[in-house]
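*Asks:* Predicted model, plus sequence, below.
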Amino acid sequence: MKKFFIVLAVALLFAGCAHQARDESRDEGGYPSEPANYPEATGNPTRSAPRDVPRDTPRNAPRAEQHIEPRLEPQIEPRLEPQIEQVEETAPEIHIPPERHTQPRPANSHETNERTSRNSRVGSDSRFAYYETKFELDDEGRTTNITLAARAINGTTVAPGEIFSFNETVGSTTAERGYKEAIVFRGGEKDKNFGGGVCQVSTTLCNAANAAGMKITERHDHSLPVQYVGNDLEAATSQNGNLDFKFKNEKNHPVTIRSGVENGVIWVTVEGA
């Protein structure tokens, strides 16, 4: 009997040592020191529940609907076009120098005394008198000379009692001043000289001045017939000063000469007639 207890004690001691050695070996091998959750009935470990699901939630319970915020589209501000203020611009006043003044010729009316011929036109009213003649544009030299002489007399004002001289106003018709050679009349013969055609300007002015009531103090006919004046007055001039055209303003107010060239026409007006 005594021997039986000794054997039992040794067996229990051996079993306790074996159990301790097994626990120590688990700790040294990296296993958790806490015992696994094995069920007592089956001895098989149970699976742990997912961490995001509470253990007291039934497995077959319906999942809670997840609220999804609606995606907001970025708000794009409408592009505003710059507002342009409409400003009414007023055209600046353009000053036309005397040499380019374009005094309009009066239209036909009952207040205007007008006479026309094949190559000339004359008229007058209470404001001004005018006269125009035609010339050929094909003659370049003559066209240049007429244009320069018309520009020279344009804008000239003649005071009351003053005498106007065409030669003094136009000046010398030389090549240095831009004049060219063209046909001139000399002693009943045709010739070429600088300033040919200037007499058409003096003749046109002569008839405008006559229509304006100016007193003609000097005037000369050409040595040959001219086609541009018809039966009206001629006013031949020459560079040597022997032939000039002059008139006197006997009005009690000044008069102004306007002249221009356009499309083969030389025109002259005497304003303030």
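*Replies:* Okay, I see it.
*Asks:* Please enumerate the strands of this protein.
*Replies:* 113-116, 120-124, 128-134, 157-158, 163-165, 181-186, 189-194, 215-218, 246-248, 255-262, 265-271 (DSSP state E).
*Asks:* Report the mean confidence score over the fourth one.
*Replies:* Across strand 157-158, pLDDT averages out at 98.
*Asks:* The fifth one too?
*Replies:* Averaged over strand 163-165, pLDDT sits at 98.
*Asks:* Please apply the same query to the last one.
*Replies:* Strand 265-271 comes out with an average pLDDT of 96.
*Asks:* what does the third one give?
*Replies:* Per-residue confidence for strand 128-134 averages out to 93 on the pLDDT scale.
*Asks:* Show me what it pairs with in its sheet, parallel or antiparallel.
*Replies:* Applying DSSP bridges, strand 128-134 is found paired with strand 120-124 (antiparallel), strand 265-271 (antiparallel).
*Asks:* Tell me what angle it forms with strand 255-262.
*Replies:* For strand 128-134 against strand 255-262, the angle by axes from the mean of the first three to the mean of the last three Cα atoms, to 10 degrees is 30 degrees.
*Asks:* From here on, call the first residue 55.
*Replies:* Understood, numbering begins at 55; the last thing we discussed is strand 182-188.
*Asks:* then strand 182-188 to PDB, C-alphas only?
*Replies:* The C-alpha trace of strand 182-188 is given here as PDB (Å, rounded to 0.1, in the frame of the first residue of the first chain):
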ATOM      1  CA  PHE A 182     -21.500 134.500-105.100                       C
ATOM      2  CA  ALA A 183     -20.800 134.300-108.800                       C
ATOM      3  CA  TYR A 184     -19.100 131.400-110.500                       C
ATOM      4  CA  TYR A 185     -17.700 130.300-113.900                       C
ATOM      5  CA  GLU A 186     -16.200 127.100-115.100                       C
ATOM      6  CA  THR A 187     -14.400 125.900-118.300                       C
ATOM      7  CA  LYS A 188     -13.300 122.500-119.500                       C
END
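*Asks:* Give me the below-cutoff pLDDT ranges for the stretch 105-254 of the chain.
*Replies:* 105-180 (pLDDT under 70).
*Asks:* where does the closest residue to residue 220 other than its chain neighbours fall, phi/psi-wise?
*Replies:* Distances taken as Cβ to Cβ, 6 or more residues apart in numbering place residue 299 nearest to residue 220, at 4.2 Å, with adjacent residues excluded. C-betas here are computed from N, CA, C, even on glycine. In terms of degrees, to the nearest 10, the main-chain angles of residue 299 are phi -120, psi 130.
*Asks:* Run a quick neighbour tally on residue 299.
*Replies:* Using other Cβ atoms under 10 Å, residue 299 has 27 neighbouring residues.
*Asks:* Show the end-to-end separation of stretch 277-286, please.
*Replies:* Here the two ends of stretch 277-286 are set 15 Å apart, with distance taken as Cα to Cα, to the nearest Å.
*Asks:* do the same with stretch 306-319
*Replies:* First residue to last in stretch 306-319 (Cα to Cα) measures 31 Å.
*Asks:* Same question for stretch 303-320.
*Replies:* The separation between the terminal residues of stretch 303-320, taken as Cα to Cα, is 23 Å.
*Asks:* Pull out the buried residues from it.
*Replies:* Residues of stretch 303-320 classed as buried by neighbour count (16 or more other Cβ atoms under 10 Å): 303, 305, 309, 310, 311, 312, 313, 314, 315, 319, 320.
*Asks:* can you tell me which residues contact the closest residue to residue 229 other than its chain neighbours?
*Replies:* Spatial nearest neighbour of residue 229, excluding adjacent residues (Cβ to Cβ, 6+ apart): residue 248 at 5.7 Å. With contact set as Cβ atoms under 8 Å, 6 or more residues apart in numbering, residue 248 has these partners: 199, 227, 228, 229, 233, 234, 235.
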